[in-house]
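Asker: turn this into a model:
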Amino acid sequence: MLSACREVGIRGVHAGLDPAAPARIPRLREAARRSAAPPEFAVLVIGTDAPGSEPSPDLSSGGTEFLLEIVRDREPIREVEGARRAAEALVREWGCGAWGLAYPSLPAVPVLREDLRSAPSWVRFPFHLLSPPEADGAVEECRRASVPLVSSDPFADGRLDGSRLSSSPLEVSGRPRPSDWAELQRDWAPVLSLGFLTEGGRRTLPQAAVDFALGTPGVSGAIVSAPDPETLRGFGPISPASALTRVERTRIEALRRKRAPGDRLRASPALK
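Answerer: Below is the predicted model:
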């Protein structure tokens, strides 16, 4: 996987987006140490809010720089200066390069604005082709603070790379309700509306999703997950021939604005 990352231009790896991420630190460190193509950096998720007393791991890895990421909740950091000092102290103790803040879902702009006062080196939250228009305000808040944004969900919860459909939507327990088809249409119509991005075979929808995220001012990175190296190689690299055009980006923004504020992609019972 690390060799595939290097082939498609991925510079770093992430420990994961789930509660088990800290347990992967030793394996990630060892993989980076043994790889013939080690990543430039590796991001370690350490917990929620301002870090407290954490055990100091062995992060020697032969050229890979380790970074710390603190997962946030929905409330603003209560003591901004104290949170900044605690994070910086942990970075020094662990020998890491920097620290950032991560949000499992799109943060409210007032919360994000307050958190940015603690001066993280980056911020991570979901941003993708199907993000609601209000996500633009959060992106702009990061730009205004000169804090790079990393999209943690460029494939919109598996809707844009096909992983959400790895099993049949008809595989449900019991008899499907008559409304299931209406729910499927409502939930997936926004995805179908993006079909113009793949016309002519110039790119796949996952490639368009990555290009959209990375081509948005203020977004400096995106986290992509893949079950195997071949899937990862299929995501990129983005070439000039497959990059989104200005006309396509204008059409994407028109579709995002057209979507009503309350119209969110929800997981249909048939897709859970």
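Asker: which strands border the stretch of helix or strand Leu67 belongs to, and is each parallel or antiparallel?
Answerer: If you go by DSSP states H and E, Leu67 is part of strand 65-71. Take DSSP bridges as the rule and strand 65-71 pairs in its sheet with strand 41-48 (parallel), strand 99-102 (parallel).
Asker: helices of the stretch 1-150 of the chain, start to end?
Answerer: Per DSSP state H, counting those that start in this stretch, the stretch 1-150 of the chain carries helices over the ranges 2-7, 25-34, 80-94, 109-115, 135-144.
Asker: ranges for the strands of the chain?
Answerer: With strands called from DSSP state E, the chain shows them at 12-14, 41-48, 65-71, 99-102, 123-125, 149-151, 219-222.
Asker: to Thr198, which of the ones you listed lies closest?
Answerer: Smallest distance to Thr198 across those (C-beta to C-beta): 18.7 Å, for strand 219-222. In short, each C-beta sits where N, CA and C put it, glycine included.
Asker: quick one: contacts for Arg24?
Answerer: Contacts for Arg24 were tallied using C-beta atoms under 8 Å, 6 or more residues apart in numbering; they are 15-16.
Asker: ok, now how distant is it from Gly16?
Answerer: 6 Å (C-beta to C-beta, to the nearest Å).
Asker: give me the pLDDT for Pro51.
Answerer: In this model, Pro51 is scored at 51, pLDDT.
Asker: also Ser193?
Answerer: At Ser193, pLDDT is 94.
Asker: from here on, call the first residue 14.
Answerer: All right, first residue 14 from here; so that's Ser206.
Asker: these two touch, right, it and Leu268?
Answerer: Yes: if you go by C-beta atoms under 8 Å, Ser206 and Leu268 touch, sitting 5.6 Å apart.
Asker: for the stretch 14-163 of the chain, which spans come out with low pLDDT?
Answerer: Counting by pLDDT under 70, the stretch 14-163 of the chain shows low-confidence ranges at 60-70, 74-75, 87.
Asker: one more time with 50, if that's ok
Answerer: For the stretch 14-163 of the chain, applying pLDDT under 50 flags the ranges 63, 66.
Asker: give me the most central residue, the protein.
Answerer: Ser165 (0.9 Å; C-alpha atoms, centre = their mean).
Asker: Leu103 contacts Ala111, doesn't it?
Answerer: No: using C-beta under 8 Å, Leu103 is not in contact with Ala111, being 11.2 Å away.
Asker: what's the overlap in contacts for these two?
Answerer: Joint contacts of Leu103 and Ala111 (C-beta under 8 Å, 6+ apart) are Leu81.
Asker: for the strands paired with strand 78-84, give me a markdown table that also has mean neighbour count and distance to Ala45.
Answerer: Output for those, formatted as a markdown table (neighbours: other C-beta atoms under 10 Å; distance: least, C-beta to C-beta, whole Å):
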| stretch | mean neighbour count | distance to Ala45 |
| --- | --- | --- |
| strand 54-61 | 20 | 6 |
| strand 112-115 | 22 | 19 |
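Asker: I'd like these as a markdown table, with distance to Ala221 appended.
Answerer: Shown next, in a markdown table, are the strands paired with strand 78-84 (distance: least, C-beta to C-beta, whole Å):
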| stretch | distance to Ala221 |
| --- | --- |
| strand 54-61 | 25 |
| strand 112-115 | 25 |
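Asker: relative to Gly214, which of those is closest?
Answerer: Nearest to Gly214, of the strands paired with strand 78-84 and by C-beta to C-beta, is strand 54-61 at 33.9 Å.
Asker: now tell me what touches the closest one from outside.
Answerer: 24-30, 34-35, 38, 41-42, 45, 67, 74, 77-86, 103, 109-110, 113, 115.
Asker: one step back: need the helices of the stretch 14-163 of the chain in a markdown table with distance to Glu53 and mean neighbour count, can you?
Answerer: Listed next are the helices of the stretch 14-163 of the chain as a markdown table, based on distance: least, C-beta to C-beta, whole Å; neighbours: other C-beta atoms under 10 Å:
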| stretch | distance to Glu53 | mean neighbour count |
| --- | --- | --- |
| helix 15-20 | 9 | 17 |
| helix 38-47 | 10 | 16 |
| helix 93-107 | 17 | 16 |
| helix 122-128 | 26 | 17 |
| helix 148-157 | 22 | 18 |
